[in-house]
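Q: I'll drop the sequence and a predicted model, then ask my questions.
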Amino acid sequence: MDHISPVIWQFLVKWMTNFALFPPEASKVAPQMDALLFFMVLVSLVGLTIVILLVTSFCILYSKERHPVAVQIEGSTLLEATWTIIPLGLFLVMFVWGALIYFRVYTPPANAMNIYVVGKQWMWKAEHPGGQHEINSLHIPIGKPIQLTLISQDVFHSFSVPAFRVKREAIPGRYTSVWFEATQTGTFHLFCTQYCGTNHSQMIGDIVVLTPEDYKKWLAESTSGMSLAQNGERLFASLSCNACHNTRPDARGPSLANVYGSKLALSSGGTVLADDAYLRESILNPSQHITQGYAPIMPTYQGQVSEEGVIALVEYIKNLNSNYRIDQTLNTTDLLPEGEGKTAPAAGGTTAPKAAPQGMVKQ
Amino acid sequence: MSATIVSLPDQSTARIPKVNFITKENGLLSWLLTGDHKRIAILYLVSLTFFFFIGGALAGLIRLELLTPQTDLMATDTYNKVFTMHGVIMVFFFLVPSVPATLGNFLIPLMIGAKDLALPKINLLSWYLYVAGGLLAIYTMATGGVDTGWTFTTPLSTHYVNTNVLTTGLAVFIAGFSSIFTGLNFIVTIHKMRCPGMTWFRMPLFVWAHYAASILMVLGTPVVAIAIVLVALERTIGIGVFDPTKGGDPLLFQHLFWFYSHPAVYIMILPGMGVISETISTFSRKRVFGYTAVAFSSVAIAVFGFFVWAHHMFIMGISNYAVLVFSLLTMLVAVPSAIKIFNWTFTLYKGSITFETPMLYTFGFMGLFTIGGLTGVFLGTSGTDIHLTETYFIVAHFHFVMVGGMLMAFLAGIHFWWPKMTGRMYPEKISQLAAVVTFIGFNFTFFPQFILGTLGMPRRYASYPPEFQVLNVFSTAGATILGVGYLLPILYLTWSLKYGEIAGNNPWQATGLEWQTQSPPLTENFPATPIMDHEAYDYEWLENQKEKEVASVG
Amino acid sequence: MSDSTAIAHSAHDAPEHGHEEHPAYLRHHFENVEQQADAAGFAMWLFLLTEVMFFGGLFTAYLIYRNWYYPAFVAASHQLDIFWGSLNTLLLISSSFTMAMGVWCAETRKKSGLVLCLVLTFILGIGFLGIKTIEYKEKIEKHHVPGFHYSLNSFLNPDSDEAAKKAGDQPLPLDMARHTEVYFSLYFAMTGMHALHMIIGIAILGFMIYRAQAGAYTAGHVTFVENFGLYWHFVDIVWIFLFPLLYLISRHANT
């Protein structure tokens, strides 16, 4: 990093990479992590050397021939304190340093571009917001912070890019995320590192880092037409979400325009930040996430929409800043609130719907 | 280094004592229904060696497959089964019982001046449970194996494989009870059956180490038992505790599993550390430097070891704050191990050192465990764990501490107490050769794996990108050498049973109570209850004893 | 589960060591009877500690899921019959009393008293298991066993279900209703584990009644009875935790 002489640093890195002891440093956090790794290797070498030197010299100086009578020594509190405090101090330095890096890796910057990745046996599916889909590869632009929102469709997988020094588990049932910013163009390994069954070792791919122009070209070439959000909009209508989530006076659900990122008051009493995880949970387990002022009548869509479908819906809602198109759809298709579609009938005891959404407190 | 402290009786007249625990009764049933802790230890030793070689053969298959980047030796499914069974057998049927069930069983009563462990029948039951579990594990292998990894990660193990998860889980469950009963026995024995004068701080450090490990066995193992029960229920009737579609949480399994499996690694290493305390003292003719520090650090490792389990879960989506807590605690648990290494080192200072085989293994332990332990700190540091976890770095780390550490300590102990257990010495030259071969083979096998890990090669991969091949070939070459190093002891130790020199009571001139009685010992260990009137590792007391010869019985 | 009990006349060599007072049940590796009894008791307490850890895993899972899915736990808990649960609690507490009386009888060498107490404990234990069978049967009939055609009907339409109606439950939304399955998995896992421990205890009780009748425990060697008493009390205490946690979630006066 900037604290070490750049010349020595370059030399070390080049030497390490050429001797293939470290993967290339292709992301912003890679040199930071390597610095800590170097430090740890150094401390370990010094520690090991000390122990080996001590043991060897004692063995030579005090071998039986040289030192036939042993001197019984009980111990030394000073020494005990020394070799307790010094290692502890060094470990604590590593702890703090490592914690800083850890938080850095898992706290994405606000302007990060989000790409969804779904892991399944035995492939990675990446969904770009523009609608591009990739299998076992990920094209990203250099120099831009990229956040990955990961989820698994089946078992635990782990998305690993050694060259970026990042890795994150993809878990069934909830989103996890990681971010990175590529600093080199090129192609880098993508591995699944959590054992996931038969073809775990085939679940590998490429991260392709492109210059901004090449990236634009790639985006244009690989889109099939509809962006993620557009797909989400389609699903929103076909699953009849708009039957409740609209701005009619008798709407039974809150309007979803601009809900993403806001703080919501829940009917159970607390407040929650409406992030990706919240949106996903509200679709799959709605009864625990009812906005204050609304009846708990939203049916669950667990089993009716795939993880990719959920991602499309989440992406749609994230970008939703007006209900205009929703209302238009209702008007043109003349959907009644109790209309067709997959809305499961609410079990008895429905309270009267609220007139105005009062639960959405904008922050 | 030709000097030695070995002092054997005159071979022309020396005989194995006629009455000892082996000759006391004859016949297979007298062994299979014994309550004698020494016989049970031998039973364990034989069965453990058997399972070790099965696990080792599986390791050989893994390294053979990994010679080439493609899966050409066996199908991917088979490879997955091989590494799973290697892990299951090595962890549950070798490492966890190894030192406690053989050396611990044999020596703890002798070391504290007792006639047997507190609960001999439970001890025997413990062995039968171990064998039952082990046989079930072999049955699992024979009927198709299991391929979930030894960690049984859900939901893979509950819903996505159709291999023998249940039988393996049952085998581990049964072996777990074996472990619990052994630990329970040790704790009761150490508390209640020390001979007169044997205060806590006069006990050999070997006993302290086993006490600490027993606490872990007793408190930790039941949790993995219940985790296995829940996996079995989830798998058979789909109860949903770990299934997100039913509202369950797969991370709950991870917490339950690692709550045991982290202390488990301390169960594995603490007894080995106990051996090292004994050998380093004997072969430097000195009391262990900082006895109290070493004793308390064993207990500290046991206590802290219960609070670090989530460092196996740093990248699994647990909260950042949980990560902070567990990373900090992991740093704390590393310190007592460092303390021990330094205390052992300074035991050598101003000692009178000789280099018999147990001492060679001891040096191997100290170097390799230091490396293994330090790389554990690499992993406990949350930031670097992101890059290193789930790669070959982890594989190298745990093999360094387990094989370079634990297994070396086990071999040190077997060689050190072989004369006590059998009455005969092993052949020194070839055993020193085996120790050196093992050390070299080990480093060749596992050091390249650290590099593979930092390069990013994931673990549990049957095939890998070609650029990793060179290091893999190194590793396999080393494994061949390592295999030779492990085979040699089987051969010469068996040879020594008939042709080894007669050892006498105390060939090493060591201080423990076990060395003040005949080799092999009487069934009741001592002709009369010993009175402990000196400190542990009291070499001056030993000098005085030399004047009084203790004639062996019979 | 203590083993240091000597069945009075097991293989015991001629006293070659010439101890002064050497009761037949003193095992060779112990110096004296006190040490043996001490060790056995300590071993039993340690074993019970392992049992605490064993059940602890289940209690942890319960804690977490009850916290996450409280409404489902409430509705599911209302499906259990308080009458049977309370009766079971009463039976077990009484059995702990009879067991404690049994230990006292052993210590005061009252053979017939001991046998009576053990038999009563045995009967109460069987009664507990019998009631559990009734309860399980009802759960099976109502399809509340996870994995076996689990039915959400009682939770979606509480009016159709007697127990739910009595508790005044509101219908649950579908996703929350699904989480009742987690409650029942824990219910069966926890009460099943507990029942297994009861069955083992009752089997040992049977053995003990036979031995007590032969006078094995009233000749001064009470360790086995005492330690079994500890085990029995432990099983009782586990139930005392299970009962409120499983049966009494959010019950109101009118239920």
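A: On my side now, so go ahead. Residues are numbered from 1 along each chain as shown, chains lettered A, B, ... in the order given.

Q: isn't there a helix covering residue C:71?
A: Yes - per DSSP: H, G, I helix; E, B strand; the rest coil, residue C:71 lies within a helix segment.

Q: what's around residue B:433, how many residues?
A: Residues near residue B:433, counting by other C-beta atoms under 10 Å in any protein chain shown, number 17. For the C-beta atoms, the positions are set from N, CA and C on the backbone; glycine is no exception.

Q: which element is it on?
A: helix B:428-455 (DSSP states H and E).

Q: is that helix up against chain A anywhere?
A: Yes - Helix B:428-455 comes into contact with chain A (C-beta under 8 Å from any C-beta of the partner chain), by way of B:451, B:454-455.

Q: could I get those residues as JSON lines with neighbour count and pLDDT?
A: Output for the residues of helix B:428-455 next to chain A, formatted as JSON lines (neighbours: other C-beta atoms under 10 Å in any protein chain shown; pLDDT from 0 to 100):
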{"residue": "B:451", "neighbour count": "21", "pLDDT": "94"}
{"residue": "B:454", "neighbour count": "25", "pLDDT": "94"}
{"residue": "B:455", "neighbour count": "21", "pLDDT": "94"}
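
Q: just to revisit the earlier point, packing partners for the helix holding residue B:433?
A: helix B:357-380, helix B:382-388, helix B:392-399, helix B:408-422, helix B:469-499 (3 or more C-beta pairs under 8 Å, 6 or more residues apart in numbering or on different chains; DSSP states H and E).

Q: most tightly surrounded among these?
A: Of the helices and strands packed on helix B:428-455, the one with the most neighbours on average (mean count of other C-beta atoms under 10 Å in any protein chain shown) is helix B:382-388, at a mean of 27.

Q: any idea how far residue B:422 is from residue B:495?
A: The gap separating residue B:422 from residue B:495 is 12 Å, by C-beta to C-beta, to the nearest Å.

Q: what comes up buried for the helix holding residue B:433?
A: B:430-435, B:437-439, B:441-455 (16 or more other C-beta atoms under 10 Å in any protein chain shown).

Q: tell me the angle of that helix relative to helix B:357-380?
A: 10 degrees (axes from the mean of the first three to the mean of the last three C-alpha atoms, to 10 degrees).

Q: could you check the angle helix B:392-399 makes with helix B:428-455?
A: Going by the same axes, to 10 degrees, helix B:428-455 makes 150 degrees with helix B:392-399.

Q: still on that earlier bit, nearest to chain C among the residues of helix B:428-455 next to chain A?
A: Checking the residues of helix B:428-455 next to chain A against chain C with C-beta to the nearest C-beta, the nearest one is residue B:454 at 36.0 Å.

Q: quick one: contacts for that closest one?
A: Applying C-beta atoms under 8 Å, 6 or more residues apart in numbering or on different chains to residue B:454 gives the contacts A:21-23, A:37, B:387-388, B:391, B:393.

Q: need those residues in TSV (columns: distance to chain C and pLDDT).
A: Compiled in TSV, those are given as follows (distance: C-beta to the nearest C-beta, whole Å; pLDDT from 0 to 100):
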residue	distance to chain C	pLDDT
A:21	42	81
A:22	40	86
A:23	38	90
A:37	36	95
B:387	31	96
B:388	29	96
B:391	30	96
B:393	30	97
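
Q: which ones are touching the nearest residue to residue B:374 once chain neighbours are set aside?
A: Excluding its sequence neighbours, the residue lying closest to residue B:374 (C-beta to C-beta, 6 or more residues apart in numbering or on different chains) is residue A:44, at 4.3 Å. Contacts of residue A:44 were listed using C-beta under 8 Å, 6+ apart, and they are B:371, B:374-375, B:378.

Q: distance of residue A:232 from residue A:173?
A: 20 Å.

Q: who has more neighbours out of these two?
A: residue A:232 (24 against 20).

Q: that one contacts residue A:317, doesn't it?
A: Yes - here residue A:232 lies in contact with residue A:317, judged by C-beta atoms under 8 Å, at a distance of 7.1 Å.

Q: give me the common contacts of those two.
A: Joint contacts of residue A:232 and residue A:317 (C-beta under 8 Å, 6+ apart) do not exist.
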